[in-house]
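1. One predicted model, sequence on top.
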Amino acid sequence: MLHYQQPVGLQARNAGSSSIARTIPRYGVPSRANLFGRSITIPKAAEIEVETAFDVPTTEESNKAFAYPLPLDPNTKVLASIPLVLFYPAVLALAAAAGLAGSSIGRSLPVSPSTKPVAQAAVAGALGAAVLYAGYVAKQKRDGAAVIDLYNYLVDLDDPAELTSDDVGRIGARYGINMHKEQLEGLQKVYGQYLENIIPVGDQQLTGDEAAKISAFKDVLGLSVEEAAPVHIEVGRRLSRISVEYKDRTAQFEQRKAFQRLVYVSYIVFGDQKAAFLLPWRRVFHLTDAQIFVARRDNARAIFSGYLAARGGEFPAERQFLRELRDYQQAIKLFDESAEEIVRDSLRKQIEGWLATAVEIARTPGKARDPAAVVENLNHILDYSRKMAKFANEDDLIPGLGMPSIHNGPWDLETKRRDIRDAYRLYTEEVVGREGKFTPQIEADVKELSVILCMGAKEAGEVRSDVAGALYKKLLREEVQSRRIDTAQSPAQVLGELVQASGYSPQAAAELHKSLYRQKLQQLVAKKKLTAEDEEDLKRIRRILCIPGDVAGQVMRTTAGRVLEEILADIYLMGAKPVGEYESERVEACIKDLHLDRNVAIDVVRDVTKQRLKAYVQQAQKERDRRSAAQVLKKLVQFNALVVTPILEKVKGTDAAKKELADLLVQAAEKAKQEEQAEAAVKAAETLQESSSGASESNEKAAKGEVSTSGTEAKELQVSQTHQWSMGLHVLLP
């Protein structure tokens, strides 16, 4: 039966047994194991008994790679105590003594005298050869003690990394051997135990210095990459077997994670090209390229994240730090895509710290709130973001740098939007209040901050508009109260300067002016009567706020016009009855007391009357028979003649009505005159054509003159009636 000696690293992972013996596959039918979450194949064949290389009695588990010393058996201890300078002479002396003894034995053999010399030589040679062979075996056993001596020396060290190549050479010299040439297998076992121990198992992650320690330990032992590579594969086999032997799923998962870490560390130790050639992970363990890629990516990410966490989570905007991160990324072979994700996440966490402080201050009620502290923290975010955006253009720094944001973070939630908006508003109000105007720098700051805080354009625009509007109102109030705007040559120029200083929209400013004028007019209309001083105040407001006449009319329509609407509604409720003197005086007094413009009053009458006449029409449409509908329409005509027309004349004024009537009469006279001229022209033509019928034509002309005169009178009467209708029904026109 063949014996395969296994490093004691397996013993450290299977505490409770001092000696491990198991059967392992060698050649033949493969057995199945589960690594990286999938089944793999481990070569299997003839059963071979496996014994640990270093059988050490232990009672407790230790995390050290070389925790307990290895005892020497008595024979090996005696051989190791013999100096090399005495070992070979002693072997030769024993061989000579054996030869003499063999010669004596040969002489005493019962053989013929002629053959005794041959017998003496044969026996002496056999005994001498046996002693020499025993000396060779003893030498091998003595040389093997050098590995145990090296192991025990490592046990005495606090850290195996303290071992030097001089220590290895000194131990080999003590036994008169070259450790690398004569005890290569022993050195590989020592290296394998150190490798297996340094790979963490379970939740413990790689720290990033494992590859450097393994490479240094390998160099100290004098192992080349070709000699060390099989050790990595063998450690992988042991981890695979252990994962199969465990029944607990958690333990199996921990062993698979350890195997992944071994794959990653091996690529760091040997490099990509040598690892691909010397470490047949795909062939031995039936792994895919994707599984190897995941093992390398995940472990490199974990190491890089742990490196940043060890610095307290800080990610300063310093070029030297970012350059060191780039070097560290390349050292641990972290892919650029993974580095970008980690860096962006770190940038986001960095600004989230300042944002959390700013929001906490903004939440503070009353006088305890410190707007200056909010501005300070958000300015830190701006400065940090701009530095990182500047570093993004440099190729020798860690990838992933750029303008950070809170996107996809804990602050990018709908429940946090209000807090962020309040802090953003407080910041904008404070910086604008300090400057007293909306400068281009402030404009750039708030816009950039809104992008970092992932605020929508509409949301940020509303906050900016509110702050700019408050500043514009403040500046306008100062101008109005100091009356500087009254003495200015051009109030429009002053308002333009205020708009530019506050950053307020001109359209919004015009709406503000309109609302201020409306507010003032509402206060005056509430008294039901405007004095001359009130009228002067309104004129002053219209002048300094540059309110156009049509806008002033609209405001008057929605304020003072409401009073007239109420009066007209009361009058129209009486139905188709003649308007009394009292109602006419109410309309006239309202227009006069409120200084209501005649055009505005006419618009009010038109709107109210239109609604009333529509009600008549709708009522007529609802009637089922024509007679009832005709009666309703008759009421409409009566309402127009008895109510609408008098009120409209009162609203327009007597002079205006008379003037309009005179204009209509003039137009009718001119039209009649044009008709007479046309008829005279026709008459002259007929006279030339029918000169023979003079007498009869004279009679016909006289008759035509009477008809024309009577037609003219009829047309004038029709025009008068039409005017009367138009005075009332033109309100129905749009």
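-> Thanks, I have it. These numbers come from a predicted model, not from an experiment. Numbering: from 1, shown residues only.

2. Tell me where the model's unsure across the chain.
-> The model of the chain has pLDDT under 70 over residues 1-62, 72-116, 118-144, 654-666, 668-669, 672, 675, 682, 685-734.

3. hmm, 50 instead?
-> 1-61, 85, 655, 692-734 (pLDDT under 50).

4. now the strands for it?
-> 3-6, 21-24, 31-35, 38-42, 48-52 (DSSP state E).

5. Report how many residues lie close to the residue lying closest to residue 63 once chain neighbours are set aside.
-> Excluding its sequence neighbours, the residue lying closest to residue 63 (C-beta to C-beta, 6 or more residues apart in numbering) is residue 197, at 7.8 Å. C-beta here means a position set from N, CA and C on the backbone, and glycine is covered the same way. Residue crowding around residue 197 was assessed by other C-beta atoms under 10 Å; the count is 22.

6. again with residue 584
-> Using other C-beta under 10 Å: residue 584 sits among 16 other residues.

7. can you pull the contacts of the nearest residue in space to it that is not next to it in sequence?
-> Setting aside the residues directly before and after it, residue 584 is nearest to residue 650 in space (C-beta to C-beta, 6+ apart), at 5.2 Å. Going by C-beta atoms under 8 Å, 6 or more residues apart in numbering, residue 650 touches 584, 587-588.

8. Wait, the residue nearest to residue 63 touches residue 64, no?
-> Yes. Using C-beta atoms under 8 Å, residue 197 is in contact with residue 64, at 7.5 Å.

9. Could you list the buried residues of stretch 607-618?
-> Buried residues in stretch 607-618, counted by 16 or more other C-beta atoms under 10 Å: 608-609, 612-613, 616.

10. Can you tell me which of these end up in helices?
-> Among the buried residues of stretch 607-618, the members found in helices (DSSP state H) are 608-609, 612-613, 616.

11. Pick out the most distant pair among the residues you listed.
-> 608 and 616 (13.5 Å; C-beta to C-beta).

12. Tally up the residues packed near residue 645, please.
-> For residue 645, using other C-beta under 10 Å, the count is 20.

13. try residue 179
-> Residue 179 has 24 nearby residues by other C-beta under 10 Å.

14. Repeat that for residue 590.
-> 23.

15. wait, isn't it in contact with residue 600?
-> No. The pair residue 590 / residue 600 is not scored as a contact, 11.6 Å apart, by C-beta under 8 Å.

16. would TSV of the ones in helices among the buried residues of stretch 607-618 with distance to residue 214 be doable?
-> Formatted as TSV, these follow (distance: C-beta to C-beta, whole Å):
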residue	distance to residue 214
608	96
609	100
612	99
613	100
616	102
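
17. Residue 311: which of these is nearest?
-> Once C-beta to C-beta is applied, the member of these that ends up nearest residue 311 is residue 608, at 77.4 Å.

18. Could I get the contacting residues of the closest one?
-> Contacts of residue 608 by C-beta under 8 Å, 6+ apart are 565, 568-569, 572.

19. 10 Å - rerun?
-> Residue 608 is in contact with 561, 564-569, 571-572, 644, 647, 731, counting by C-beta atoms under 10 Å, 6 or more residues apart in numbering.

20. Compute the number of surrounding residues for residue 641.
-> Residue 641 has 17 nearby residues by other C-beta under 10 Å.

21. Quick check: phi and psi at the most centrally placed residue in the chain.
-> Closest residue to the average C-alpha location of the chain: residue 407 at 1.5 Å, with C-alpha atoms, centre = their mean. Reported as degrees, to the nearest 10, the phi and psi values for residue 407 are phi -60, psi 140.

22. Begin at 35 from now on, thanks
-> OK, 35 is where the count begins now, so the last one is residue 441.

23. separation between it and residue 606?
-> 62 Å (C-beta to C-beta, to the nearest Å).

24. for residue 257, phi and psi?
-> phi -90, psi 140.

25. hang on, residue 192 packs against residue 98?
-> Yes. Between residue 192 and residue 98 there is a contact at 9.1 Å, judged by C-beta atoms under 10 Å.

26. Compare neighbour counts for these two and give me the winner.
-> Comparing residue 192 with residue 98 by neighbour count (other C-beta under 10 Å), the higher total belongs to residue 98, at 14 against 7.

27. quick one, what contacts that one?
-> 46, 188-189, 191-194, 231.

28. Max pairwise distance over the residues you listed: which two?
-> Taking C-beta to C-beta, no two of those sit farther apart than 46 and 192, at 17.4 Å.

29. what's the distance between the residue nearest to residue 650 when sequence neighbours are not counted and residue 605?
-> Spatially, and ignoring its direct neighbours in sequence, residue 650 is nearest to residue 670 (4.1 Å; C-beta to C-beta, 6+ apart). According to C-beta to C-beta, residue 670 and residue 605 sit 16 Å apart.

30. quick revisit: for the residue nearest to residue 650, give me its contacts.
-> Per C-beta under 10 Å, 6+ apart, neighbours of residue 670: 610, 646-647, 649-651, 653-654, 678, 763.

31. first to last residue in stretch 198-218, what's the distance?
-> 17 Å (C-alpha to C-alpha, to the nearest Å).

32. ok now it, how far from the chain's centre?
-> 60 Å (C-alpha atoms, centre = their mean, to the nearest Å).

33. Buried residues of it, list them for me.
-> 202, 205-206, 209-211, 213-214, 216-217.

34. how many other residues sit next to the spatially closest residue to residue 240 that is not a sequence neighbour?
-> Among residues not flanking residue 240 along the chain, residue 337 sits closest, at 5.2 Å (C-beta to C-beta, 6+ apart). The tally of other residues near residue 337 (other C-beta under 10 Å) stands at 25.

35. Tell me who's in contact with residue 337.
-> 239-245, 295, 298, 302, 362-363, 365-368.

36. ok, now how distant is it from residue 200?
-> 32 Å.

37. now do residue 715
-> Counting by C-beta to C-beta - residue 715 and residue 200 are separated by 141 Å.

38. Thanks a lot, catch you later.
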